[in-house]
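# here is a sequence together with a model predicted from it:
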Amino acid sequence: MLSNDIDFALVGHNYVTFLLSLGLLERGKKVLILDDDRFNYGDFFTNSLTLLDIEFLKSWGEFSKLNPLINIENYLEPESLYFHIGKKQVVLGDSPFRNYRELSRKFPNLFLNERSGSLAFNNEVSNFNDKYKEFCSKVSLSLFQEKKSSKMSKLFEELIPEEIHFHFQHFFSFFSKKDQFNEAQKGEFNALIYLTRGFFQNRLSTTGSRSEITHLFFSLLSPYFKLNHDKLIHDLLSLHKESGGDFKKLNLSDLRFQRGVVKSFELESIEGLIRPNKMAFIGGYPVSLPIKLKTSSFSYNCLNVDMIFQAPLPKLLRNKKIIFSSPMKIGTDRPFWEVTFGFDSAVFNIIISKREGSKVEFIKERIIETLFDDLKFLYPEFSFVIKNVNMKYTLDVFIEDRDFESYKRTDVTFRKKIIGVFEDSAPLIFSRLKNVLYFGPYNEDALGTFSSLIEIKRWRDTL
């Protein structure tokens, strides 16, 4: 029977929420997780992992004796990524060395350097791959154990092996020299960084601090894995319940406030009023809830477009994950999109500037027209005829970074940040809530999933 008085109510049905709950339960807290479909992470966050993310989860599993994380490979499937920068296709997601070679072929001025040519023998190739994997394991373990934020950024770069650090330094040097590029080179460089930072880090920017670009570089070289998120949270939910936690797949109803705190809420079930000591929302941005986040960040949403075609797609496209942008799209309302093709279908996720109250019906025709223009640009030899299409906004959030000289900064902060969560239950009522926390892209460092894991680990130990 669910207790009416609990220590923590956690809103967000994702594996990060369960990692937080299991830590709290270990310390004797009463925890309720709510699966409210108005608040969660979106598919960009929950569907994929790089090797850095995987090694961090493994470290977490070893220290906390969580079998699903120790055996995270059971939830993963290797996947290739087809990045299209204008007409240029870059295929990533393979071994670190093959990814590096692909980047060197497609962007020789950015990646090819005086040491690239020496990577020709089998022992050098295997050494490159081994050093990459060793770095991911060491840095993840070190950051998992480190408690001082002032040391974390230094650790991130200090542990890079010399064999790979030289290639990173060559790549990073162009951020301070890109004004010397001609217009075509600069456009291609900006599109590459903007697209890949958006995909791997949920940040929209043509530059980044040294630590952010370090993370981006290692994400580009990383093997890429599709995560079976449903299976993982199913197994973590079992551990949550075994540890004494509660779980409800219900929407919050009648959230009640008093003097800047959440006093209680009612579940759409027989349990009645629940009185939490603290609440935490773990995900993107609240939709149709009586709370608001106070943030000055300019953000983008994600529009999911599910298409069924009248005829089977060409074999060349089936089961491919493609991410597309071009220099002309940077800074527009729809700067990039990804698509996963099926046999006769395609699921697009379009990054689109956030507009409060914007309805899909208002933009549906324009979105279809834009997608078909892009498909015609990429695949002029194929025809696409729609049989059916459905659109909906997801809960993904992408933050635009307008600091165009951020490459001069060395660090991400890795500090715990607190973003204000405010009551928004009625017109003219907008007061900060003292017992409500938010975890998500608005208050994280710009390292995508890696930042999310570091942030929730440090809060787990101190809440």
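That came in fine, so what should we check first? These numbers were taken from a predicted model, which means no experiment stands behind them.

# and stretch 436-447, average pLDDT?
Averaged across stretch 436-447, the pLDDT comes to 87.

# quote the end-to-end distance of that stretch.
24 Å (CA to CA, to the nearest Å).

# one more: stretch 26-44?
30 Å.

# for that stretch, buried residues please.
For stretch 26-44, a neighbour-count test (16 or more other CB atoms under 10 Å) marks 29-36, 39-44 as buried. Placement of C-beta: from N, CA and C, glycine included.

# equivalent analysis for stretch 123-133, please.
Neighbour-count burial for stretch 123-133 flags 125, 128-129, 131-133 (criterion: 16+ other CB under 10 Å).

# from the buried residues of stretch 26-44, which single one is nearest Ala446?
Of all those, Ala446 sits closest to Phe44, with 14.2 Å by CB to CB.

# for the closest one, report the pLDDT, please.
82.

# mind checking the SS state of it?
Under DSSP: H, G, I helix; E, B strand; the rest coil, Phe44 falls in the helix class.

# list the contacts of it.
Taking CB atoms under 8 Å, 6 or more residues apart in numbering, we find Phe44 in contact with 199, 202, 302, 349, 394, 396.

# check the offset of the helix or strand of the chain at the bottom of the mean pLDDT ranking from the chain's centre.
Taking mean pLDDT, DSSP states H and E as the measure, the chain has helix 149-158 as its least confident helix or strand, at a mean of 78. How far helix 149-158 lies from its chain's middle: 21 Å, per CA atoms, centre = their mean, to the nearest Å.

# from the contact counts, what lies against that helix?
helix 122-145, helix 210-221 (3 or more CB pairs under 8 Å, 6 or more residues apart in numbering; DSSP states H and E).

# again, only using 6 Å
helix 210-221 (3 or more CB pairs under 6 Å, 6 or more residues apart in numbering; DSSP states H and E).

# quick check: angle from the helix it packs on to helix 122-145?
Angle of helix 210-221 versus helix 122-145, following axes from the mean of the first three to the mean of the last three CA atoms, to 10 degrees, is 130 degrees.

# using PDB, list the CA coordinates for helix 210-221.
Output in PDB follows, covering the C-alpha atoms of helix 210-221 (Å, rounded to 0.1, in the frame of the first residue of the first chain):
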ATOM      1  CA  ARG A 210      37.800  23.100 -24.800                       C
ATOM      2  CA  SER A 211      36.100  20.500 -22.600                       C
ATOM      3  CA  GLU A 212      33.000  20.500 -24.700                       C
ATOM      4  CA  ILE A 213      34.900  20.000 -27.900                       C
ATOM      5  CA  THR A 214      37.000  17.300 -26.200                       C
ATOM      6  CA  HIS A 215      33.800  15.500 -25.400                       C
ATOM      7  CA  LEU A 216      32.500  16.100 -29.000                       C
ATOM      8  CA  PHE A 217      35.800  14.700 -30.500                       C
ATOM      9  CA  PHE A 218      35.500  11.500 -28.500                       C
ATOM     10  CA  SER A 219      31.800  11.200 -29.300                       C
ATOM     11  CA  LEU A 220      32.700  11.500 -33.000                       C
ATOM     12  CA  LEU A 221      35.300   8.700 -32.700                       C
END
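
# neighbouring contacts of it?
The list of residues contacting helix 210-221 from outside it, by CB atoms under 6 Å, 6 or more residues apart in numbering, reads 50, 96, 99-100, 153, 156-157, 168, 171-172, 197, 200, 410-412, 446-447.

# I figured Thr449 hits Leu51, correct?
No. Thr449 is beyond contact range of Leu51, at 11.6 Å (criterion: CB atoms under 6 Å).

# when these two are compared, which one has more neighbours?
Set Thr449 next to Leu51 and count neighbours by other CB atoms under 10 Å: Thr449 wins out with 26 against 21.

# which strand or helix spans the closest residue to the more buried one other than its chain neighbours?
Nearest non-adjacent residue to Thr449, counting by CB to CB, 6 or more residues apart in numbering: Asp53, 4.8 Å away. Using DSSP states H and E, the element containing Asp53 is helix 51-64.

# what helices or strands is that helix leaning on?
Applying 3+ CB pairs under 6 Å, 6+ apart, one finds that helix 51-64 contacts helix 67-70, helix 122-145, helix 449-460.

# got the angle for it vs helix 149-158?
Using the same axes, to 10 degrees: helix 51-64 against helix 149-158 is 130 degrees.

# quick one: mean pLDDT for helix 51-64?
The average pLDDT for helix 51-64 rounds to 96.

# may I see the buried residues of it?
For helix 51-64, the neighbour count (16+ other CB under 10 Å) marks 51-61, 64 as buried.

# farthest pair within those residues?
Leu51 and Ser64, at 20.3 Å, using CB to CB across these.

# where does the stretch 251-400 of the chain have low pLDDT?
Applying pLDDT under 70 to the stretch 251-400 of the chain flags the ranges 268-271, 355-357.

# quick one: the strands in it, in order.
Using DSSP state E, counting those that start in this stretch, the strands of the stretch 251-400 of the chain run over 252-258, 261-267, 273-282, 291-294, 299-309, 321-325, 337-341, 345-353, 386-393, 398-400.

# which one of the ones you listed lies nearest to Asp5?
strand 273-282 (5.1 Å).

# sheet partners, orientation included, of that closest one?
Next to strand 273-282 in the sheet, as set by DSSP bridges, lie strand 5-11 (parallel), strand 261-267 (antiparallel), strand 436-439 (parallel).

# rebuild those as JSON lines, extending it with mean neighbour count and distance to Ile454.
JSON lines is the format used below for the strands paired with strand 273-282 (neighbours: other CB atoms under 10 Å; distance: least, CB to CB, whole Å):
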{"stretch": "strand 5-11", "mean neighbour count": "21", "distance to Ile454": "18"}
{"stretch": "strand 261-267", "mean neighbour count": "18", "distance to Ile454": "27"}
{"stretch": "strand 436-439", "mean neighbour count": "22", "distance to Ile454": "11"}
